[in-house]
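1. Okay, here's the prediction I keep looking at, along with the sequence it came from:
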Amino acid sequence: MDKKNRYIIGSSIVAIALLTLAPYFIPLYWMAFLFFCFIYLVLTEMWVLVAGFTGMVLLGIGGFVGIGAYSFVIFSTCLNWPLWPSLILSGIIGVIIALAVSSTIFRMRGAYFAMSTLVIANALFAWFSTWSYTGGGAGIVVNVKLPIAIVYHIALILAFASIIIVTFVVRSNLGLMLKAIGSDEDAALTVGVNTYTCKLYCFLIASFMISLAGAIYFLYPGFVTPDAAFSPIWLINTLTAASVGGWTNIGGAIIGVIFIITLQQFFYVNYPGLSMLINGIIIVVIFLISPRGLWPAIRSLIEKRLKRF
Amino acid sequence: MTNNLILKTEGLSKSFGGIKALDNVSVDVNKGEVIGIIGPNGSGKTTLFRLIMGIYRPDSGKIIFEGENLTGLPSYRVCQKGIALAHQIPKPFSRLTVMENLLVAALSGGRMTRKSAEEYCQTVLKLTGLYKVKDKLAGSLLPLELKRLEIARALASKPKLILLDEPAAGMREKDVDELLEIIKLINSEGVTVMLVEHRMEVVVKAVERLIALNRGTIVAQGPVKEVMNSKIVSEIYLGRRFREYVGAST
Amino acid sequence: MAPPEVILMGTFTGAIYGLIGIGLSLIFTGIRNMINLAHGHLAVLAAYLALTLSSNSMLDPLICALLVVPIVFALGAIIQYGAVNRLIYRSPTIPLILFAGIASIIENVALLVWHPDPRSLAPLAPYSLLTVSLLGVRLPLIYLVGFLISLGSMLILYTFLKHTDIGRAIRAASEDPEYAECLGVDTKKIYAYTFGIGGALAAIAGIMVGLIYLFVPSDGWPYTILSFGVIVLGGVGSMRGAFVGGVILGISQQLSAYYLGVAYQYFVGYILILAVLALRPQGIFGMRV
Ligand SMILES: Nc1ncnc2c1ncn2[C@@H]1O[C@H](COP(=O)(O)OP(=O)(O)O)[C@@H](O)[C@H]1O
Ligand SMILES: [Mg+2]
């Protein structure tokens, strides 16, 4: 166990060092590739925390991506505020939205909860499609000039932070309560768990991180439209990454994310719709053959084989 | 006298649609006693426990625990006040290990550190005979182990009053004796026990006082012998089976 | 005061929303509180199938519907029988993920086959240009057709649930699946019927909407949310409630389009749904059929 931990920490340090230096020796294409991976890693880790462990199916994940993106545009471009305050504030706006809707959506459970998050995401989408201040449906340019390497590094930090946060939360007392809630919310209540507060903490953490990821993502194309910011693709990609990596698997998320981004980049030029079609098929197939996810199934298969020898 | 009361319900009523599950039920529970609740299926025993625990809200009536009115509190608050419930049908956290199941209960009030909670849970696991399986996922336990886990998890929250809803259902003689031992031990630590039980042999051995429910109302209460011999109880509930039992044992 | 044709058009389109909402509601109550996240996508798929069939055969879209609706019924039954039945026993949220996958499949197949630009069934139905006079108001005939077909479908569904063996079995399985099984109901088969019928209702609604408005592959999402809104407003499991919920949504859309501009019609509808969720989660009516 100790040895395994040391191995994990060691290889993480090497990986982070390499990723930090990467912009100075890899071509732009691969930098973009890694950048997409970082953004989706944030979403997938948050999905693992909120849906995988706690059982809150956050269908409206794209709503937080979009609100982060638009908050950032408003602060940085419309109001001309400096980069860092704008960035942090866009995360905080996500948290404020989450707080504002929490008392309504936490009264609901299961599918109703899930659907109401989707309604919220779409209400935000409909709002930003009409609001002329941010250009309505045509979108708005993000007027922030940053070297691509900096954008890359911000995303790297956020991705790394999300892994650390989810790891620590899951190991903490809060994480234990969240797992209990995910297993049986009523039973958790009767053994004294304040389920409302626990779910709220979890939801706020996720809304902050996802909104930040949304803000950072749009630094790369430099242009925000409601269609892109609130797209259902955020949800489908995250679901695919989580199915591949495992619903409660913090490390597996990395594999899931690399998988979806590879797929996306492979089909991007010729058939953009095809990668989403394949994603859909993958979600369905993995769900039917291995409901807890592909990577955990592969791992236990490998471990069984190894034991036999 | 009132000092000695730990729980008092005043005129509790609860209906589900047209069914009156509980009708004007007042019980007094003394500190440190083991009190039994009997009644045929559907007489409202589980409903009474769920009302006390705050899982259901009463239509009318009050629940007073240690002089404090708990009516309307959510069940996690009730639990933190010192009442714990072992459900009739076990509701384990099946994706957590047995140890984690207990830790959730022990840590949820925020009164214990992780370390002292772990130590305490280990004691509870040993007491309930679950120590061997403490690292197994609760979802993989056998039915009888699950019944024990229900009790163990209720104990892990360090209750002053524990509500046991038919803990002996489905147990064989040997397991029942072990259960009775556990109940005695819990009680000797100063925990008050309310026990819903269907099986007479268990009730007779475990409790001092009995409350008999029928169709949501109290039909008799008092010392075990008195209640069991009362005409109304043997007629409504126990019928032939009980008389056979008493005949066999005396 | 809004002109009466706005109210009337809202009522007519609202009935179509009511129909698609009843489909979602039937699946929700009939199959263990499950939400069909691909519901709107089934509606859009039906519109595209009718489009292809009608433009190739030169038959009227409404006649093509006679073939398309059974196809969607079969597709729904297969999805339920082949896939969802294996998952529902674990929790009502688990199928959501599966349906998200199915929605993505339908949407992107539609994108590849029919391309992203907006389409309409109206050019294939010459009578859609006609107008009628109703209560002193002139409005396109197609709205009235949509309204009548939706009402008719609801009546047929009501009679079916009430008076046929399968209908009774569907209701029994929705009241208490375990008990129904004890009475000899094959719940898995009944679930397949339930999902198929729910999907078929979505298909009818999708074709009707396709005759009135333009549609694109990604319209499945708003359709699903509007269907959910219908059962939020009308209360789960209530056919009358769903009808009224649909009409409220339809009128609110037409009114907001009239006063605020077309762009606001979805926003107002969504806010209405959220407001009801916040204030009256049991629905405005909260009654059962
Ligand atoms: N959640 C509920 N919904 C509807 N009826 C209920 C519910 N819980 C209990 N009941 C009804 O209340 C009555 C009492 O049930 P219960 O308290 O479980 O009895 P007991 O535990 O004594 O067998 C029964 O008629 C039962 O059907
Ligand atoms: Mg009971």
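-> Noted; the coordinates are in hand. Ligands and ions are numbered 1, 2, ... in the order given.

2. which secondary element of chain B has the worst mean pLDDT?
-> When the helices and strands of chain B are scored by mean pLDDT, DSSP states H and E, helix B:239-249 comes last with a mean of 48.

3. Show me the strands in chain A, by range?
-> A:140-141, A:223-224 (DSSP state E).

4. repeat for chain C
-> Under DSSP E, chain C gives strands at C:131-134, C:137-140.

5. Tell me where the model's unsure across the chain.
-> This is for chain A. Counting by pLDDT under 70, the low-confidence segments of chain A come to A:1.

6. not what I meant, chain B
-> B:1-3, B:236-250.

7. Pop the domain breakdown of it in here.
-> Domain ranges of chain B: B:5-82+B:160-249, B:92-158, per automatic domain parsing.

8. longest helix of chain B?
-> Longest helix in chain B by number of residues (criterion: DSSP state H): helix B:173-188.

9. Run the angle between the next helix or strand after it and helix B:173-188 for me.
-> Going down the chain from helix B:173-188, the next helix or strand is strand B:192-196, by DSSP states H and E. Relative orientation of strand B:192-196 and helix B:173-188, computed by axes from the mean of the first three to the mean of the last three Cα atoms, to 10 degrees: 150 degrees.

10. Enumerate the residues of chain B near chain A.
-> B:53, B:55, B:74-76, B:79-80, B:84-85, B:87, B:91-96, B:100-101, B:103-105, B:107-109, B:114, B:153-154, B:156-157 (Cβ under 8 Å from any Cβ of the partner chain). The C-beta positions use only the backbone N, C-alpha and C, and glycine is treated the same way.

11. Which entries within those meet the buried criterion?
-> Among the residues of chain B next to chain A, those classed as buried by neighbour count (16 or more other Cβ atoms under 10 Å in any protein chain shown) are B:53, B:55, B:74-76, B:79-80, B:84-85, B:87, B:91-96, B:100-101, B:103-105, B:107-109, B:153-154, B:156-157.

12. just to revisit the earlier point, as JSON lines, the strands of chain C with distance to chain B would be great.
-> Formatted as JSON lines, those follow (distance: least, Cβ to the nearest Cβ, whole Å):
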{"stretch": "strand C:131-134", "distance to chain B": "43"}
{"stretch": "strand C:137-140", "distance to chain B": "45"}
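
13. out of these, which comes closest to A:Ser11?
-> strand C:137-140 (66.3 Å; Cβ to Cβ).

14. Among the buried ones among the residues of chain B next to chain A, which are located in helices?
-> B:75-76, B:79-80, B:100-101, B:103-105, B:107-108, B:153-154, B:156.

15. Show me which of these is closest to ligand 2.
-> Of all those, B:Ala154 has the smallest distance to ligand 2: 15.9 Å, by Cβ to the ion.

16. what about A:Ile302, how many neighbours?
-> Using other Cβ atoms under 10 Å in any protein chain shown, A:Ile302 has 10 neighbouring residues.

17. ok, now A:Ala32?
-> Neighbours around A:Ala32, by other Cβ under 10 Å: 16.

18. tell me which parts of chain B are close to ligand 2?
-> With Cβ under 5 Å from the ion as the criterion, chain B meets ligand 2 at residues B:Thr46, B:Gln88.

19. In chain B, mark out all the strands, start to finish.
-> Taking DSSP E as the criterion, chain B carries its strands at B:5-16, B:19-30, B:34-38, B:60-65, B:68-69, B:83-86, B:161-165, B:192-196, B:209-214, B:217-223.

20. Of the ones you listed, which is nearest C:Phe215?
-> strand B:5-16 (45.6 Å).

21. if I look at C:Glu5, how far off is C:Ser252?
-> Distance of C:Glu5 to C:Ser252, given as Cβ to Cβ, to the nearest Å: 16 Å.

22. What residues of the longest helix of chain B count as buried?
-> B:Asp175, B:Val176, B:Leu179, B:Leu180, B:Ile182, B:Ile183, B:Ile186, B:Asn187.

23. For ligand 2, what's its nearest residue on chain A.
-> A:Thr190 (15.1 Å).

24. all helices for the chain, in order.
-> Reading this off chain A. A:2-21, A:28-47, A:61-73, A:83-105, A:110-130, A:148-171, A:173-183, A:185-190, A:195-217, A:226-229, A:233-245, A:252-268, A:272-289, A:294-308.

25. I was thinking of chain C, sorry if that wasn't clear
-> Going by DSSP H, chain C shows helices at C:4-30, C:39-57, C:61-78, C:94-114, C:141-163, C:165-175, C:177-182, C:187-212, C:220-234, C:239-259, C:265-279.

26. Do the fourth one and chain A come into contact?
-> Yes. Looking at helix C:94-114 against chain A by Cβ under 8 Å from any Cβ, the contacts come from C:94, C:96-98, C:100-109, C:111-112.

27. Type out the PyMOL command that picks the buried ones from those residues.
-> Burial among these is assessed by 16+ other Cβ under 10 Å; the matching PyMOL selection reads:
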select buried, chain C and resi 94+96+97+98+100+101+102+103+104+105+106+107+108+109+111
